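Trainee: need a structure here:
(one chain, ligands or ions: 1)
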Amino acid sequence: MTNASTTAPMAPPAAGGKLAPSLVGLSRPELRDAVAGLDVPERQQNMRVRQLWKWMYNRGVSGFEEMSDLGKDLRARLIDGHNIARPTIATMQQSTDGTIKWLLRLADGNEIEMVYIPDDDHGALCMSSQVGCTLNCRFCHTGTMPLVRNLTAGEILGQFMLARDCLDDWRSDGPRNRPRNDQGGGAPRKVSTIVMMGMGEPLLNYDNVAQALNIVMDGDGIALSRRAITLSTAGLVPAMERCGRDLRVNLAVSLHAVRDEVRDVLVPLNRRYPIAELMQACRDYPSANNARRITFEYVMLQEVNDSLEDARELVRLLRGLPAKINLIPFNPWPGAPYECSSNNRIHRFARILNDAGYSAPIRTPRGRDIMAACGQLKSESEKIRAASR
Ligand code: SAH
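Mentor: Residues are numbered from 1 along each chain as shown. The predicted structure follows:
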């Protein structure tokens, strides 16, 4: 466990000696309650909420001192009783391919990982939804880590805000800002898309993930479009329906096998929601149309799930579904029970999918040298704990 001296710098303790509660991740009504708790007169509350929202999510400031239009008194009360701190950075590593991995420390000392994958002048931020994971997928390194807890909405959103801080990626309309290479709305942000593909199963922490993503999509703040967000699930069928109804972000499904006997082993959640049920949930996913295809992730494991018959069965399963397949070469980790399929087998597999009319790019592993690639995320502290056991 981490010791107190390395935990996040927090605002001074609020009354009662508890840590000052963060405003990051509160919905507008919750933020209004917090403002009301600071004796802001009722007729001013909505205005204060609008101002706070803009400072936090549009300007991206990290302290109340900068919120110049709030008035000195209110600023002082906010500084006393609240914070807008992000998770702290325990370590940051940059891969030779530009990928950045952060080990982040939460206020209670737990740690999670976050990865930024740049692509020319924009990039994807891969965020975590839980500390650890309960799914135990056989090929996933994160899966060997026991779940410690769900992240709060503030901790999920805090990852995004921290990435924008680190990459100097908040755009403000203020005169002090460098002009951006303009194409209408300006150059793309460095963090232009979000993938919920870090540690954890986002649909097992649905409420907090939804609250954080709703704030990310809110037009008065960060204003990322739902098309810029992809949520990846191992196939929690009941929550997929909810996600499609309420959140309507892009869906990625970690399929990885086309037969229940194999998928039961690779993704044990399959024993609860077998392939037929999962595929039905995909067909029912409301946003699944040709413009917004569902992505199926398929990790390539030598002689486990990579035969020609497997590829043909995959085509059969996907028939009639607007889909794209991401073939992910298995990223090895120490002690992993599988090997990555050979190049030949991966290409053969891809060709069958392509011939059937599906886009099936073979994902280039990113950040392998810093263990930031898919399924390699696992916090340092956990590794140290595991080693000492
Ligand atoms: N629980 C969610 C979110 C995690 S996403 C889900 O399962 O979709 C992480 C993605 O990386 C998943 O598709 C996962 O199956 C894949 N992955 C995990 N370990 C991997 C490894 N060692 N090599 C390649 N991909 C892996």
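
Trainee: got a list of what residue 133 touches?
Mentor: If you count contacts by Cβ atoms under 8 Å, 6 or more residues apart in numbering, residue 133 has them with 140, 142-143, 145, 147, 199-201. Using the backbone N, CA and C atoms, a C-beta is placed for each residue, glycine as well.

Trainee: Just confirm it is within a strand.
Mentor: No: using DSSP: H, G, I helix; E, B strand; the rest coil, the secondary structure at residue 133 is coil, not a strand.

Trainee: With neighbour count as added columns, please give the contacts of residue 133 in JSON lines.
Mentor: Shown next, in JSON lines, are the contacts of residue 133 (neighbours: other Cβ atoms under 10 Å):
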{"residue": "140", "neighbour count": "26"}
{"residue": "142", "neighbour count": "25"}
{"residue": "143", "neighbour count": "21"}
{"residue": "145", "neighbour count": "23"}
{"residue": "147", "neighbour count": "17"}
{"residue": "199", "neighbour count": "26"}
{"residue": "200", "neighbour count": "28"}
{"residue": "201", "neighbour count": "27"}
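
Trainee: out of the residues you listed, who's nearest residue 191?
Mentor: Of all these, residue 199 has the smallest distance to residue 191: 18.4 Å, by Cβ to Cβ.

Trainee: secondary structure class for the closest one?
Mentor: coil.

Trainee: Settle this for me: it is touching residue 127, isn't it.
Mentor: No: the pair residue 199 / residue 127 is not scored as a contact, 9.1 Å apart, by Cβ atoms under 8 Å.

Trainee: What parts of the stretch 101-250 of the chain come near the ligand?
Mentor: 135, 137, 139-141, 197, 201, 232-234 (Cβ under 6 Å from any ligand atom).

Trainee: Quickly name whichever of those residues is closest to residue 106.
Mentor: residue 201 (18.2 Å).

Trainee: which strands and helices sit next to the biggest strand by length in the chain?
Mentor: Longest strand of the chain, by residue count under DSSP state E: strand 111-119. Helices and strands touching strand 111-119, as assessed by 3 or more Cβ pairs under 8 Å, 6 or more residues apart in numbering; DSSP states H and E, comprise strand 100-105, strand 122-126, helix 153-166, helix 380-388.

Trainee: which residues touch stretch 210-218?
Mentor: Contacts for stretch 210-218 (Cβ under 8 Å, 6+ apart): 25, 27, 53, 57, 153-154, 156-157, 160, 194, 196, 221-226, 229, 231, 243, 246-247, 249.

Trainee: Got a PyMOL select line for the buried ones in those?
Mentor: Of these, the buried ones can be selected in PyMOL as follows, counting by 16 or more other Cβ atoms under 10 Å:
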select buried, resi 25+53+57+153+154+156+157+160+194+196+221+222+224+226+229+231+243+247+249
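
Trainee: what pairs with residue 300 across the strands?
Mentor: Beta-bridge pairing of residue 300 under DSSP bridges involves residue 329.

Trainee: Show the contacting residues for residue 153.
Mentor: 25-26, 207-209, 211-212, 215.

Trainee: before we move on, the earlier item: just the residues of the stretch 101-250 of the chain next to the ligand: which are in strands?
Mentor: Those of those lying in strands (DSSP E): 232-233.

Trainee: Between the residues of the stretch 101-250 of the chain next to the ligand, which sits nearest residue 166?
Mentor: Among these, and counting by Cβ to Cβ, the member closest to residue 166 is residue 197, at 19.1 Å.

Trainee: isn't the closest one right up against residue 232?
Mentor: Yes: between residue 197 and residue 232 there is a contact at 4.4 Å, judged by Cβ under 8 Å.

Trainee: Now the common contact residues for these two.
Mentor: Shared contacts of residue 197 and residue 232, defined by Cβ under 8 Å, 6+ apart, are found at residue 252.

Trainee: Show me the strands in the stretch 251-389 of the chain, by range?
Mentor: Secondary structure of the stretch 251-389 of the chain (DSSP state E, counting those that start in this stretch): strands at 294-300, 323-329.

Trainee: Does the last one reach the ligand?
Mentor: Yes: part of strand 323-329 sits near the ligand under the criterion Cβ under 6 Å from any ligand atom, namely residue 328.

Trainee: same question, stretch 252-261
Mentor: Yes: Stretch 252-261 reaches the ligand (Cβ under 6 Å from any ligand atom) through residue 254.

Trainee: ok, and for that stretch, which residues are buried?
Mentor: Within stretch 252-261, the residues scored as buried using 16+ other Cβ under 10 Å are 252-258.

Trainee: got the contact list for that stretch?
Mentor: Under Cβ under 8 Å, 6+ apart, the answer for stretch 252-261 is 137, 139, 195, 197, 230-235, 263, 266-267, 270, 274-275, 278, 282, 294-299, 304-305, 310, 313-314, 317, 326.
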